[in-house]
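Sharing a sequence plus its predicted fold:
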Amino acid sequence: MPRTDFASAWSEEEIGRLADAALAELTRRLATRVFAPTEETGDDDALGRPRSPS
């Protein structure tokens, strides 16, 4: 079975879309963890800021 080079198997546009999607997901997860109230306090986010009123 011949080896396929990753770069030649995917177009630059496809790689860019995958990279954009991965970055968006990582950003969403980071924002969820950093700015969400922590389980320990229930009131502060992970940076120690008070939860904003909703």
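Noted; the coordinates are in hand. On a predicted model such as this, the values are computed, not experimentally measured, just so you know.

so what's residue 10 closest to, chain neighbours aside?
residue 18 (7.9 Å; CB to CB, 6 or more residues apart in numbering). (C-beta placed from N, C-alpha, C; glycine too.)

how about low-confidence regions in the chain?
Counting by pLDDT under 70, the ranges of the chain that qualify are 1-8, 34-54.

May I ask you to name the longest helix in it?
If you go by DSSP state H, the chain has its longest helix at helix 12-35.

That one packs against which elements?
If contacts are counted by 3 or more CB pairs under 8 Å, 6 or more residues apart in numbering; DSSP states H and E, helix 12-35 sits against no helix or strand.

tell me which residues in that helix are buried?
Within helix 12-35, no residue counts as buried by 16 or more other CB atoms under 10 Å.

Grab the CA positions of that helix and hand them over as PDB.
Listed next in PDB are the C-alpha coordinates belonging to helix 12-35 (Å, rounded to 0.1, in the frame of the first residue of the first chain):
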ATOM      1  CA  GLU A  12      -4.800  24.000   1.500                       C
ATOM      2  CA  GLU A  13      -8.400  25.200   1.800                       C
ATOM      3  CA  GLU A  14      -9.500  22.000   3.600                       C
ATOM      4  CA  ILE A  15      -6.600  22.200   6.000                       C
ATOM      5  CA  GLY A  16      -7.400  25.900   6.700                       C
ATOM      6  CA  ARG A  17     -11.100  25.000   7.500                       C
ATOM      7  CA  LEU A  18     -10.000  22.200   9.800                       C
ATOM      8  CA  ALA A  19      -7.600  24.600  11.600                       C
ATOM      9  CA  ASP A  20     -10.200  27.300  11.900                       C
ATOM     10  CA  ALA A  21     -12.700  24.800  13.400                       C
ATOM     11  CA  ALA A  22     -10.100  23.400  15.800                       C
ATOM     12  CA  LEU A  23      -9.100  26.900  16.900                       C
ATOM     13  CA  ALA A  24     -12.800  27.900  17.400                       C
ATOM     14  CA  GLU A  25     -13.400  24.800  19.500                       C
ATOM     15  CA  LEU A  26     -10.300  25.400  21.700                       C
ATOM     16  CA  THR A  27     -11.300  29.000  22.200                       C
ATOM     17  CA  ARG A  28     -14.900  28.000  23.200                       C
ATOM     18  CA  ARG A  29     -13.500  25.400  25.700                       C
ATOM     19  CA  LEU A  30     -11.000  27.900  27.200                       C
ATOM     20  CA  ALA A  31     -13.700  30.600  27.600                       C
ATOM     21  CA  THR A  32     -16.000  28.100  29.200                       C
ATOM     22  CA  ARG A  33     -13.400  27.000  31.700                       C
ATOM     23  CA  VAL A  34     -11.900  30.300  32.500                       C
ATOM     24  CA  PHE A  35     -14.900  32.500  32.600                       C
END
